[in-house]
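A structural model of the following input is requested.
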Amino acid sequence: MLIKRPADIKSSEITPEWLYLRRREVLRGLIAGGSLVATAGIYHLFARAARRPPPGPGPRPLATVSASDASLTTDEPPTDYDDITHYNNFYEFSTAKHDVAYEARALVTRPWTVTVEGDVQRPQTFDIDDLLRRFPLEDRVYRLRCVEGWSMVIPWVGFPLASLLKLVEPLGKAQFVAFETLHDPKQFPMQRGQLLDWPYREGLRLDEALHPLTLLAVGLYGKTLPNQNGAPLRLVVPWKYGFKSIKSVVRIVLTTRMPRTTWREAAPHEYGFYANVNPAVSHPRWSQATERRIGEFTRRPTLLFNGYAEQVAHLYAGMDLRTFY
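Purely as a prediction, here's the structure:
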């Protein structure tokens with residue numbers, strides 16, 4: 001059963017900003033008292049930063065409203081802001097989680113447009129700032145479960161994907177929704193190599209895309225998305241493994257066919273199209289029965305559909321969840 005939180009608490013009110021800043025002071029103190037090895041490491045970091053262009057504007061506050069439906073959010077304690085923004089999978093920048101925030105500093109997120117096309121009556125291209133003005137931005141606290149076996153609780157800011165899709169009027173033959181990340185090797189250093197078939201692609205069934213839980217996120221903790229978290233616009237599908245929640249989206253296509261998805265093409269025996277969180281279906285290389293919540297020391301049981309079964313299980317009625325993984 002989903003735990004509900006009071007609807008009048010906004011994500012920007014969950015963790016005081018002074019606490020986050022205080023963490024930085026503690027870290028600086030530890031570094032100052034370190035050894036010569038630590039000093040050499042600091043010098044290396046400064047030298048590295050000097051070779052990089054300066055970062056763009058930092059996260060800005062967003063005007064938000066509480067979730068329109070209390071069942072669309074949870075009162076579980078959110079993961080620390082520093083952990084959310086410095087423990088990231090974003091392979092366009094790096095395969096090392098703790099390097100992503102640094103490598104993503106110079107990503108340019110303005111101007112930014114998102115094209116919605118395919119089997120729709122009114123294909124359109126939207127400016128990101130127009131989208132921020134067009135829809136009420138809701139606070140949604142969601143659990144995030146990574147296929148690697150770790151999890152977080154993230155206070156997102158965004159609007160339902162369904163709101164955007166309704167503007168383009170899907171045709172009756174549309175059955176799936178495909179998504180693409182920006183393809184720009186100048187900004188995404190890993191796109192210069194052959195690690196994956198770029199750009200990153202993901203997809204949903206249309207009924208999944210229209211579900212009220214499916215969010216287009218433009219912020220977290222009451223502010224605009226940091227680059228490393230998928231700025232300026234990312235998908236969030238909380239009952240699926242995290243790799244389904246594609247980042248830095250520039251293209252959405254409605255189609256009659258199941259779309260290509262990056263990890264399914266890279267390793268089809270490991271990553272299925274649906275990628276619903278299921279503790280009974282192990283990854284070929286590890287169990288999915290438990291997870292490590294970032295910030296905790298012990299593992300916890302993984303919940304079917306990441307704890308959202310009450311809302312989404314009906315979408316898969318009659319399907320063998322072991323086969324359609």
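
what ranges do the strands span in the stretch 151-300 of the chain?
176-181, 201-205, 215-220, 223-224, 234-236, 249-255, 290-293, 299-301 (DSSP state E, counting those that start in this stretch).

Turn these into JSON lines, including distance to residue 189, mean neighbour count and mean pLDDT.
Placement of C-beta: from N, CA and C, glycine included. Putting the strands of the stretch 151-300 of the chain into JSON lines (distance: least, C-beta to C-beta, whole Å; neighbours: other C-beta atoms under 10 Å; pLDDT from 0 to 100) gives the following:
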{"stretch": "strand 176-181", "distance to residue 189": "14", "mean neighbour count": "24", "mean pLDDT": "98"}
{"stretch": "strand 201-205", "distance to residue 189": "19", "mean neighbour count": "22", "mean pLDDT": "98"}
{"stretch": "strand 215-220", "distance to residue 189": "24", "mean neighbour count": "25", "mean pLDDT": "98"}
{"stretch": "strand 223-224", "distance to residue 189": "23", "mean neighbour count": "20", "mean pLDDT": "98"}
{"stretch": "strand 234-236", "distance to residue 189": "19", "mean neighbour count": "23", "mean pLDDT": "99"}
{"stretch": "strand 249-255", "distance to residue 189": "18", "mean neighbour count": "21", "mean pLDDT": "98"}
{"stretch": "strand 290-293", "distance to residue 189": "29", "mean neighbour count": "18", "mean pLDDT": "98"}
{"stretch": "strand 299-301", "distance to residue 189": "34", "mean neighbour count": "11", "mean pLDDT": "98"}
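
can you put these in JSON lines and add distance to residue 279?
What follows is the strands of the stretch 151-300 of the chain, written out as JSON lines (distance: least, C-beta to C-beta, whole Å):
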{"stretch": "strand 176-181", "distance to residue 279": "26"}
{"stretch": "strand 201-205", "distance to residue 279": "22"}
{"stretch": "strand 215-220", "distance to residue 279": "23"}
{"stretch": "strand 223-224", "distance to residue 279": "33"}
{"stretch": "strand 234-236", "distance to residue 279": "21"}
{"stretch": "strand 249-255", "distance to residue 279": "29"}
{"stretch": "strand 290-293", "distance to residue 279": "8"}
{"stretch": "strand 299-301", "distance to residue 279": "7"}
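
Compare the ones you listed and give me the one nearest residue 158.
strand 215-220 (3.8 Å; C-beta to C-beta).

Pull the residues that contact stretch 304-311.
Stretch 304-311 is contacted by residues 1-2, 71, 74, 143, 145, 211-213, 238-240, 276-280, 303, 312-313 when judged by C-beta atoms under 8 Å, 6 or more residues apart in numbering.

Only the C-alpha atoms, please, for it, written as CSV.
Output of stretch 304-311 as CSV, limited to C-alpha atoms (Å, rounded to 0.1, in the frame of the first residue of the first chain):
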residue,chain,number,x,y,z
LEU,A,304,6.9,-5.2,-6.9
PHE,A,305,6.5,-2.3,-9.3
ASN,A,306,8.7,-0.4,-6.8
GLY,A,307,5.7,-0.1,-4.4
TYR,A,308,3.3,1.3,-7.0
ALA,A,309,1.4,-2.0,-7.7
GLU,A,310,-1.9,-0.5,-6.5
GLN,A,311,-1.7,2.1,-9.2
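
Mind checking the pLDDT average for it?
Averaged over stretch 304-311, pLDDT sits at 98.

now swap in stretch 122-131 and tell me
98.

and if you look at stretch 59-67?
pLDDT averaged over stretch 59-67 gives 94.

Show me what stretch 180-200 is in contact with.
Under C-beta under 8 Å, 6+ apart, the answer for stretch 180-200 is 91-95, 103, 106-108, 201, 246-253, 262, 265-266.

Can you flag which of those residues belong to helices?
103, 262, 265-266 (DSSP state H).

The residues you listed: which two are farthest apart?
Most distant of the ones in helices among the contacts of stretch 180-200, by C-beta to C-beta, are 103 and 265, 24.2 Å apart.

more crowded one of those two?
residue 103 (21 against 12; other C-beta atoms under 10 Å).

Next one: that one from residue 263, what distance?
20 Å (C-beta to C-beta, to the nearest Å).

circling back: could you give me the ChimeraX syntax to select whichever of the contacts of stretch 304-311 are buried?
Those of the contacts of stretch 304-311 that count as buried under 16 or more other C-beta atoms under 10 Å are selected in ChimeraX with:
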select :2,74,143,145,211,213,238,239,240,276,277,278,279,303,312
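
Which helix or strand lies directly C-terminal to the lowest-mean-pLDDT helix or strand in the chain?
Between all helices and strands in the chain, the lowest mean by mean pLDDT, DSSP states H and E belongs to helix 36-50, at a mean of 40. Next along the chain after helix 36-50, taking DSSP states H and E as the criterion, comes strand 65-66.

roughly how far is the following helix or strand past that following strand from the heart of the chain?
Using DSSP H and E, the helix or strand that follows strand 65-66 towards the C-terminus is helix 81-86. Relative to the chain's own centre, helix 81-86 is displaced by 13 Å; criterion: C-alpha atoms, centre = their mean, to the nearest Å.

Many thanks, we can stop here.
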